[in-house]
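Undergrad: return atomic coordinates for the entry below.
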Amino acid sequence: MTASSRVAASGEAASRAAAARASVVADPAGTLLALDFDGTLSHIVDDPTRAYAHPDSVEALGRLGSVLGQLAIITGRPVRQALDLGGFEGRAGLERLVILGQYGAERWDAADGRTSEPDRPAAVAELASTLPDWLVEHGAQDVRIEDKGLAIALHTRGIDPRLLDELREPVDRLAAALGLAVEPGRQVIELRGLGHDKGDALLALAAESGARQVIFGGDDLGDLPAFAAVEQLRTQGVGGLLLCSASAEQDALVARADIVLDGPDAVAAWLQELADELVPA
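TA: Got it, this is the predicted structure:
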């Protein structure tokens, strides 16, 4: 273990991490590596349209793609955004990459370049049309609205940090009235259709790929279902390794992670180390 990471405090987590890593090294073709995008592959920035993937992570994924059985990005972003910000499309080594966008509602496969995107829910369309006035009525007109098609995100980064807490209860009521799910995050609240989460997406991909061990890395509350999915897979005999990209803003994943990494820079370094170990020079 290098300075780029620190093992979660318990000895049990350290032992689990060592065993999972040994399984990956012994059987890379049986490994599914799935990662969140924002806060894991990319730094969180004020303008989400400029949250580019860490170039060292992208380079490492290209190397790992030649030996691992399956690579995946599981993100709350639309697939097209993840592609544009990640620079994944057409990159050597990523021919088997799958991007599951909007918590698994969308999918893009590098193998054929196809994207599957469901229709925009009527409730999200209604929300988009009424939300600007709703925010004014609640004294939150400075909140930035990000329309993702299948979801609407409210960003408060760079605004009064108390505003997010003040909005939680009224946003919950608004979502309940429209039949939408609420996904809290790091200085953001997202309202989206019901029926998809990262855990469901990860379980489906693990079954599809026949993974014998699964690595998942994330940083925020939306990644908790994927953590739970890996824990479930462990009970079924599938190896699991959980990575937390830690930040001062969110610590919900730290206690459940096997390895805690100090943000996207350390995630990139960890991926590079894994590639150095698995990919022949």
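Undergrad: what ranges does the stretch 101-250 of the chain have for its strands?
TA: 106-109, 115-116, 144-147, 151-155, 181-185, 188-192, 213-218, 239-245 (DSSP state E, counting those that start in this stretch).
Undergrad: pull up the pairing partners for the first one, direction included.
TA: In its sheet, strand 106-109 lies beside strand 97-101 (antiparallel), strand 115-116 (antiparallel), with partners assigned from DSSP bridges.
Undergrad: go on, the third one?
TA: Here strand 144-147 is paired, per DSSP bridges, with strand 151-155 (antiparallel).
Undergrad: I would like the residues contacting the partner strand, please.
TA: For strand 151-155, the external contacting residues (Cβ atoms under 8 Å, 6 or more residues apart in numbering) are 48, 76, 102, 124, 127-128, 131, 135, 140, 143-146, 167, 171, 183, 187-193. Every residue, glycine included, has its C-beta placed from N, CA and C.
Undergrad: apply 7 Å and report the result again.
TA: Strand 151-155 has contacts (Cβ atoms under 7 Å, 6 or more residues apart in numbering) with 48, 102, 124, 127-128, 131, 143-146, 187-192.
Undergrad: picking up where we left off before, to A268, which of the strands paired with strand 106-109 lies closest?
TA: strand 97-101 (16.8 Å; Cβ to Cβ).
Undergrad: avg pLDDT for the closest one?
TA: Here strand 97-101 scores 98 as its mean pLDDT.
Undergrad: swap in stretch 178-194?
TA: 91.
Undergrad: please apply the same query to stretch 210-224.
TA: Across stretch 210-224, the per-residue pLDDT values average to 96.
Undergrad: any idea how far apart the tips of it sit?
TA: Using Cα to Cα, to the nearest Å, the span of stretch 210-224 from its first residue to its last is 22 Å.
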